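1. pasting the structure only:
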């Protein structure tokens, strides 16, 4: 029975990491207005929101399974408070931090978006860091970390996420420049 | 003069087109409740199908990976999952120069204590801990690690030295898992803890 729980911990962690990266990519491309013309922005946003909720569900499954895995010995306190675990303190802490940031991003958007846009944006953007530390957690803690396939997948995910974030950052710069240009007085 | 010529009878294509226009007009005039619900849901969740597909793919991936990991884990060993002591727990021994401080006389030699043997799905793990006369943990040696597969040997060759060094550095069994050697690390900790407990019971050390 415990072997199934251990396998579930591994598989749910891998799926959660993958979903988190896909969510990050869809969100960055949506907010960077790089969604193409065939698919409506509303569809893209709805898909991004759905993936976010699914990521949180996978993370919850991963945490519950790791608590049930008696071989590994993760205590409930280790799963909710970072840097208190007696072993694997850093690796577990990154997992806890990632869980909080992802949960924050999802729960301030669903069922209703937070009314304070600045706070919502701050929480939402912090989930980008959450995805990064989730990947660090997987690399440091993961049973599959030494596998070549795992490392290749990790590199591919990091590259894809970097591209999407680059698109978002580029769009931000362009928009700010155009806003600054528009606000300048017309030459006489 | 009035035009007496009547319009030509409509062709089949015109009749079909006219029927379709009437049908659409009726639908617009009185939309059905079902189509209303559909369009409302479609407006609220335009990506409903894609989301459902994502849920399905995630569930299938999780289940598939779980089955794969379970099968690869159990096929290679076919033993009990989880660690349990299968041999007598740690006993202080007098191997090498080890001398147990049975009396209050000052001890000038190291004490060597064998940890318990713990079994996981890949094989057995047992360590041997050496304590200095002042009770400090000076070295740890792995007596048994999983070695029935090349991969296990490769993994443990890399992991065990790190675990040994970390145990001596931490002066306790509270050491981190080495990535990729999760089961060896967990049983290494258990075996080391059993050795420390036995050494403390024999007044060799005060470590906990």
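-> Perfect, thanks for sending it. In this text the structure is predicted, and so the values were computed from the model without any measurement.

2. Residue B:125 contacts residue B:147, doesn't it?
-> No. Assessed by C-beta atoms under 8 Å, residue B:125 is found out of contact with residue B:147, at 10.6 Å. All C-beta spots, glycine's among them, are computed from the backbone N, C-alpha and C.

3. Name the residue closest to the centre of chain B, please.
-> The centroid of chain B falls nearest to residue B:182 when counting by C-alpha atoms, centre = their mean (8.7 Å).

4. ditto for chain A
-> Chain A, centroid-nearest residue using C-alpha atoms, centre = their mean: residue A:131 at 3.4 Å.

5. rewinding a little: so what's the residue nearest to the centre of chain B closest to, chain neighbours aside?
-> Nearest residue to residue B:182, sequence neighbours excluded (C-beta to C-beta, 6 or more residues apart in numbering or on different chains): residue A:143, at 4.6 Å.

6. three-state assignment of the one you found?
-> Recorded secondary structure, residue A:143: coil (DSSP: H, G, I helix; E, B strand; the rest coil).

7. Could you report the neighbour count for it?
-> Using other C-beta atoms under 10 Å in any protein chain shown, residue A:143 is surrounded by 21 other residues.

8. what does the model give it for pLDDT?
-> Reading off the confidence values, residue A:143 has pLDDT 76.

9. I'd like to check which residues are in contact with it.
-> Shown in contact with residue A:143 (C-beta atoms under 8 Å, 6 or more residues apart in numbering or on different chains): A:10, B:179-180, B:182.

10. State the distance from residue A:153 to residue A:9.
-> Counting by C-beta to C-beta, to the nearest Å, the gap from residue A:153 to residue A:9 is 18 Å.

11. which of those two has more neighbours?
-> Neighbour totals were compared for residue A:153 and residue A:9, and residue A:9 leads with 27 against 17 (other C-beta under 10 Å).

12. Could you confirm whether the longest helix seen in chain B reaches chain A?
-> In chain B, assigned by DSSP state H, the helix with the most residues is helix B:48-77. Yes. If you take C-beta under 8 Å from any C-beta of the partner chain as the test, helix B:48-77 does meet chain A, through B:48, B:50-51, B:54-55, B:58, B:61-70, B:73-74.

13. ok, back up a step: quick check: the residue nearest to the centre of chain B touching residue A:69?
-> No. Residue B:182 is beyond contact range of residue A:69, at 9.6 Å (criterion: C-beta under 8 Å).

14. is any part of the lengthiest helix in chain A close to chain B?
-> In chain A, with assignment by DSSP H, the single longest helix is helix A:148-183. No. Applying C-beta under 8 Å from any C-beta, one finds helix A:148-183 out of contact with chain B, separated by at least 9.5 Å.

15. What ranges does chain A have for its helices?
-> Under the criterion DSSP H, chain A contains helices at A:2-31, A:41-68, A:76-80, A:89-107, A:117-141, A:148-183.

16. which sections of the chain are below the confidence cut-off?
-> Answering for chain A, as no chain was given. A:1-2, A:71, A:186-188 (pLDDT under 70).

17. Chain B is the one I meant
-> Within chain B, the segments meeting pLDDT under 70 span B:1-6, B:30-39, B:41-42, B:73-108.

18. Name the residues of it found near chain A, please.
-> Residues of chain B found near chain A, taking C-beta under 8 Å from any C-beta as the criterion, are B:45-48, B:50-51, B:54-55, B:58, B:61-70, B:73-74, B:81-83, B:120-121, B:155, B:174-177, B:179-180, B:182-183, B:186, B:189.

19. hmm, which of those residues are the buried ones?
-> Among the residues of chain B next to chain A, those scoring as buried are B:45-47, B:50-51, B:54, B:58, B:61-62, B:65-66, B:69-70, B:73, B:81-83, B:120-121, B:155, B:174-177, B:179-180, B:182-183, B:186, B:189 (criterion: 16 or more other C-beta atoms under 10 Å in any protein chain shown).

20. and the angle from the longest helix of chain A to helix A:117-141?
-> 160 degrees (axes from the mean of the first three to the mean of the last three C-alpha atoms, to 10 degrees).
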